[in-house]
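Colleague: 3D model of this:
(one chain, ligands or ions: 1)
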Amino acid sequence: MSPTQSPRIVVALDYAAEAPALELADRLDPARCRLKVGKELFTRLGPAFVETLQRRGFEIFLDLKFHDIPNTVAAACAAAADLGVWMVNVHTSGGPRMMEAARARLSQSSRPPLLIGVTVLTSMDASDLAALGCPGDPRERVLALARLAREAGLDGIVCSPLESAPVREALGCDFLLVTPGVRPAGASVGDQKRIMTPAEALAAGSDYLVIGRPITQAPDPLAALLEIERSLAPDAII
Ligand SMILES: O=C(O)c1cc(=O)[nH]c(=O)n1[C@@H]1O[C@H](COP(=O)(O)O)[C@@H](O)[C@H]1O
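Modeller: Numbering: from 1, shown residues only. This is a model prediction of the structure:
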């Protein structure tokens, strides 16, 4: 990897306790991947754990998927900025006013994190959307929410890699596509429904691949990460 290239893999540190999460972090190289701290570890360990990882050199995606009234979400984003995280996310279904409030508050920060909007969760398919009263193809809904996010000034969206190419085509290059729903060939799918392999996701236009269990639950997580890196085309590698 050239030092000028930015890591494209974000390892989702979804663990129930600090010890295994730190054990994995200590085997990873901040030059080769970023880390995502989500609801489970943040609820158990709080901001101190994020700071512990940052002291080890990692850039952190704080994945708390804020979804609340504009004032509350804006204040929560400001707290994330104060924590010095690299990326933070909000639910696009919170609406334009909520996203605009988050953008406005972060623009007052001296070091704003990237502000990313979650569209349709990768664990959902058309039948899950229909159950919510939103019949239709997840792709159409992702596109609509992506447009709203862009108009509200967000830096990009979370979507599945299945939507990366159409969103790229519709919204162009300067809009970040952060994609979970990534599974190496043969890996257990778990609760994810809209998936691609790491190489397919990058080829489709994803900027960042969020990968959890295929790494964290592998018998040798570091070996699993290296295997994923090897599966990526050399010119696209992290
Ligand atoms: O915002 C996210 O990170 C996210 C959005 C989404 O639509 N789907 C999704 O899986 N995620 C997160 O991405 C990670 C995926 O983990 P694995 O399914 O174990 O690879 C989890 O930490 C999820 O919380």
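Colleague: quick check: longest strand of the chain.
Modeller: Looking across the chain with DSSP state E, the single longest strand is strand 60-66.
Colleague: show the average pLDDT along the next helix or strand along the chain from it.
Modeller: Counting by DSSP states H and E, the element after strand 60-66 in chain order, helix or strand, is helix 70-83. Averaged across helix 70-83, pLDDT comes to 98.
Colleague: report whether helix 70-83 contacts the ligand.
Modeller: No - using Cβ under 6 Å from any ligand atom, helix 70-83 stays clear of the ligand, coming no nearer than 13.7 Å. The way it works is simple: take the backbone N, C-alpha and C, and place the C-beta from them, glycine included.
Colleague: and stretch 26-42, by the same measure?
Modeller: Yes - on the criterion Cβ under 6 Å from any ligand atom, stretch 26-42 is in touch with the ligand at residue 38.
Colleague: for the residue of the chain found nearest the ligand, phi and psi?
Modeller: Here the chain gets closest to the ligand at one residue, residue 212, 2.7 Å apart by Cβ to the nearest ligand atom. The phi/psi pair for residue 212 (degrees, to the nearest 10) reads phi -110, psi -90.
Colleague: tell me the contacts of it?
Modeller: 11-14, 36, 180 (Cβ atoms under 8 Å, 6 or more residues apart in numbering).
Colleague: same thing but at 6 Å, please
Modeller: Residues near residue 212 by Cβ atoms under 6 Å, 6 or more residues apart in numbering: 12, 14.
Colleague: i'd like the first residue to be 32 from this point on
Modeller: Sure thing, new numbering starts at 32, so read that last one as residue 243.
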